[in-house]
Each structure stands twice: as structure tokens, then as C-alpha cells.
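J.: Sequence below, structure please.
(chains A, B, C and D)
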There are 2 protein chains.
Amino acid sequence: MVTTEDNNLTDAQNELYAWIKNYMRDFQHSPSIRQMMQAMGLKSPAPIQSRLKHLQEKGYISWQEGKARTLQLVDDLVEGIPIMGSVAAGGLVETFSDVNDNLDISDVLKKKNIFALTVNGDSMIDACIADGDMVLMESINDVYSLRNGTIVSALVPGLGTTLKYYFKRNGKIFLEAANPAYQPIELDPELVIFQGKLVAVWRKV
Amino acid sequence: MVTTEDNNLTDAQNELYAWIKNYMRDFQHSPSIRQMMQAMGLKSPAPIQSRLKHLQEKGYISWQEGKARTLQLVDDLVEGIPIMGSVAAGGLVETFSDVNDNLDISDVLKKKNIFALTVNGDSMIDACIADGDMVLMESINDVYSLRNGTIVSALVPGLGTTLKYYFKRNGKIFLEAANPAYQPIELDPELVIFQGKLVAVWRKV
DNA sequence: TGTATTAGAGTACAAATGTTTCTATGGTAA
DNA sequence: TTACCATAGAAACATTTGTACTCTAATACA
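T.: Model (predicted):
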């Protein structure tokens, strides 16, 4: 019984569990035992049943007995993250409170016209958008809804895509960095293609 | 055929679709036709078959023919967010590329010992953590694994919780802000309770 | 009113699938 | 080695389940 992970599963159980997780993420439904059998390179359903039973006993999965494709990952119930309170970042403030709320990211993620971009460089550093951050952008339907000061990703033909503050003044488009070291870019409206406006920032450390 | 929604579904189809969505959210797998039949108050599988077919034709669902419980909500494919490329934030750089990857937030979200905190104040502004941001923290198992320079949330008894850089020097704990306007806090190790270390930052604009 | 269309009930059938049982194999500890 | 145990292969079985078909009832439309 050699375990390579820090959990209490055997290699075979680990492999199966990981595969199930992937399958269910991709297809939104449970695989059948015979599918798992095939995926694990086995020729009999019995070993899969055994592994499933172990996974269940150890609290990783559950299913409805006798019903086809009714696996559940008991682990994956975490739809949100508990918000434990506030922290001070300037003086000391609040202590940990009870869970008042849940951080719900899904509302942003579930929108259809959302895409992500990786940030290169530091021109938006003063807007607290750093090199390596992921910015979640929402596609722009009509340019006229853009308000001055919005952070947008814009494609300047022949130059490339950039992340900047959007301003419109006197019929001209200004793309301004949030870093004084960079000069504003002035453009005619017809030369710019706005790809999206900023809805969220994600940074993994 | 009166439709109450703004989509092109009949009432019956709408009801079924909503029920399926709920079921799949709750159980992480597809219901069977006979379950839907029962849930819709019907006594024959035929009407469900018909409604499913319509839902499929209109692009709401799909399934694997002949296979049990293999429904998929084509709408809900957004588990990740397509990463369309990079943006410059400093000079203009890259154009939109094809989707190279998917922004996967779930790996962080699915960890069990993750909690979130709301940031108050600007003492971490130079670390690009701004007022109002959500910081995702991972519980700290052993304090000794903490490395200098890690951003932690620490509870200083009698004062409160704060988000700071962690340093240990000469047996003393130093909690330093990422804003020169704030003085480092020097503490004895036994006076500090470390609640978590930073794993991600989430900002919704 | 009569006809066409649609939805639902009922039934039957074949395929998919979970479950059980038995046997063989390989490794491990006494 | 020998006994034991976990795992894999194999085969058979019962249930679940998707699918197809017919028939009836309700509804819409001319």
C-alpha cells in the first residue's frame, strides 16, 4: 500500500479519483463503472467497485446504490469560500468574526462573455494591477456605454493589445496608464477596437 | 404555447429545464428520464423524451444517445474562463491569440482550509492589495513552515487582525506593511496567532 | 363542426449498467 | 515455505434506463 500523496489513498485509488474528477468536470455527469474500467486499463468491473468502495469509506465520493451514473464528489460541495471577516491593512482593526457571508465568484464566472488576460508589465501598477495578474474582462457590446475612467483592453491595429484607462475627450480616445512613467495614447475612435472592460482581478501567489 | 420567459421555450420545457439544472447542481450528476417524469408529475416517459428533444434542438442541453444519465447543460460549460492571451501594461505588446488555456480558479477554491477576508485600508497597497479587495487565505498548520516575506493574516491579542508581511529575525516576529507610511510591528512569537497565509487576491470592480 | 396537431398514457424491448460470485494471481508476514 | 489478504479476471444476473411504438385526449384552427 504505497501512497504517493499526502492523503490516505493508494495509487490506484488516487488515479481513479483524479480521473473521475476530471470526467465530471468535463461532462457534468458521472461516469459509469465500465468507463472507469476502460480508463484504468482494466478488463473487469470488479476492481473499480472495490476502489469506489474504498473511496466512499474514506469520504471522497458517494452514490445511489443500484442507480447508474450517480456518483457525487462529497469534496466538491464548496461553491463559495467563507468570508471570515475583515483584516486591517493600516492599523489593527477587527478580530475574526463568524462567517458572515460567502465569497461568490461564480456570478462573474458564469457570465458568457467573460474572458481572461494575463497582464504583462507594470503600467497599471497604480491601479493595483501587477505583472502576472489575471484580469477578467467582459466583452463590450456597444462602445458608447463605456464611461470615462473605465479600465479596458484595447486593440490598437498594428501595435497590439493593451490594458489602460479609457477616456474620451473632444472626439478623441485617450488610453492612459496608471503609472505616470507612461504617456497617454491619443487615438481616433475608428482606430481602436475595444475588446473588453475590467470586471475582476485574480492573483494567485 | 404561451412562453413566460424571454427564451423560446414552452412552460413545460422551461419547468423541466429549471428542474434539471437544480438537480444537477445538487447532485453533480444527470437525472434519469423517469426521475424527471416523476418530478413533472407525469406517468409516462414519452412527454419527457419530447421535451428533452426540444431542449436539445434549441441548444440548451445535450446527452449521449443510449447512455443513462448523460445529460449536459451546454450553457454551463463555463467552468473556467478562456485566457485569450496577454495584454501589455507597459508599451503595447501582444495581440489577441487563440485560447491557449483556461483560467482555473477551482484548484484554489476547492481546498478545504481556505477562507476569505475583506481588506480594510491601504497598508498593503505596495503589494498591490487595495482597500476592498478579498484575500484568500490558507490556514497555517505549523508556524515553522512560514517563510520570511510571506503575507499573512495575524491576530495580535487585544489589538485585532491584520494583514502584513511576515518576518522572523532573532527570535522576534516582525509584521511589516507594504506601505512605508506604516511602522513595522515587533512582537514576541507567543503573542501572535497566525490565521492564514495569502494564496490569492480577488477584486471585483 | 370537423380536421390537424400536439401532448400524454401505456406498453414493450433492448441496451447499459450495477451487483454478485467464483477463481486465479501476486505480494506479505509469520 | 505456508497461510493470508488484497487485487484482477471472468462470467452471469437483475435492475435501471433509454428508446420506439401505439393509442387516447386535448387543443388549435379553418
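J.: Where does pLDDT dip in chain A?
T.: A:1-7, A:75-107, A:109-112, A:158-159 (pLDDT under 70).
J.: Strands of that one, start to end?
T.: Using DSSP state E, the strands of chain A run over residues A:61-62, A:72-73, A:81-88, A:101-103, A:114-120, A:134-139, A:151-156, A:160-169, A:172-176, A:185-187, A:193-204.
J.: got the ones you listed as TSV, with mean neighbour count columns?
T.: Where you see a C-beta, it was placed from the backbone N, CA and C, and this is true even at glycine. Shown next, in TSV, are those (neighbours: other Cβ atoms under 10 Å in any protein chain shown):
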stretch	mean neighbour count
strand A:61-62	20
strand A:72-73	18
strand A:81-88	22
strand A:101-103	15
strand A:114-120	22
strand A:134-139	21
strand A:151-156	22
strand A:160-169	21
strand A:172-176	18
strand A:185-187	15
strand A:193-204	20
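J.: would you turn those into TSV with distance to DNA strand D?
T.: Formatted as TSV, the strands of chain A follow (distance: least, Cβ to the nearest atom of the strand, whole Å):
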stretch	distance to DNA strand D
strand A:61-62	15
strand A:72-73	14
strand A:81-88	33
strand A:101-103	32
strand A:114-120	32
strand A:134-139	35
strand A:151-156	43
strand A:160-169	44
strand A:172-176	51
strand A:185-187	54
strand A:193-204	35
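J.: Put together TSV for those, with distance to A:Glu15 on each row.
T.: Shown next, in TSV, are those (distance: least, Cβ to Cβ, whole Å):
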stretch	distance to A:Glu15
strand A:61-62	14
strand A:72-73	15
strand A:81-88	28
strand A:101-103	32
strand A:114-120	30
strand A:134-139	30
strand A:151-156	40
strand A:160-169	40
strand A:172-176	49
strand A:185-187	52
strand A:193-204	26
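J.: Of those strands, which is nearest B:Thr70?
T.: Across the strands of chain A, B:Thr70 has its closest neighbour in strand A:72-73 (15.8 Å, Cβ to Cβ).
J.: what's that closest one packed up against?
T.: Where contact means 3 or more Cβ pairs under 8 Å, 6 or more residues apart in numbering or on different chains; DSSP states H and E, strand A:72-73 is packed against helix A:11-27, strand A:61-62.
J.: most packed of these?
T.: Burial of the helices and strands packed on strand A:72-73 is given as mean neighbour count (mean count of other Cβ atoms under 10 Å in any protein chain shown); strand A:61-62 ranks first at a mean of 20.
J.: and the residue of chain A positioned farthest from its centre, backbone torsions?
T.: Seen from the C-alpha centroid of chain A, the residue lying at the greatest distance (Cα atoms, centre = their mean) is A:Asn170, 38.4 Å away. Dihedral angles phi and psi of A:Asn170 (degrees, to the nearest 10) take the values phi 50, psi 40.
J.: Could you confirm whether stretch A:185-198 reaches chain B?
T.: Yes: contact of stretch A:185-198 with chain B (Cβ under 8 Å from any Cβ of the partner chain) involves A:Gln195, A:Leu198.
J.: Could you dump the helices and strands packed on strand A:72-73 into a markdown table with distance to B:Gln28 added?
T.: Below are the helices and strands packed on strand A:72-73 laid out as a markdown table (distance: least, Cβ to Cβ, whole Å):
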| stretch | distance to B:Gln28 |
| --- | --- |
| helix A:11-27 | 6 |
| strand A:61-62 | 10 |
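J.: count of neighbours near A:Ala181?
T.: Residues lying near A:Ala181 (other Cβ atoms under 10 Å in any protein chain shown) number 10.
J.: Next up, the contacts around it.
T.: Shown in contact with A:Ala181 (Cβ atoms under 8 Å, 6 or more residues apart in numbering or on different chains): A:Ser123.
J.: So it versus DNA strand D, what's the distance?
T.: 60 Å (Cβ to the nearest atom of the strand, to the nearest Å).
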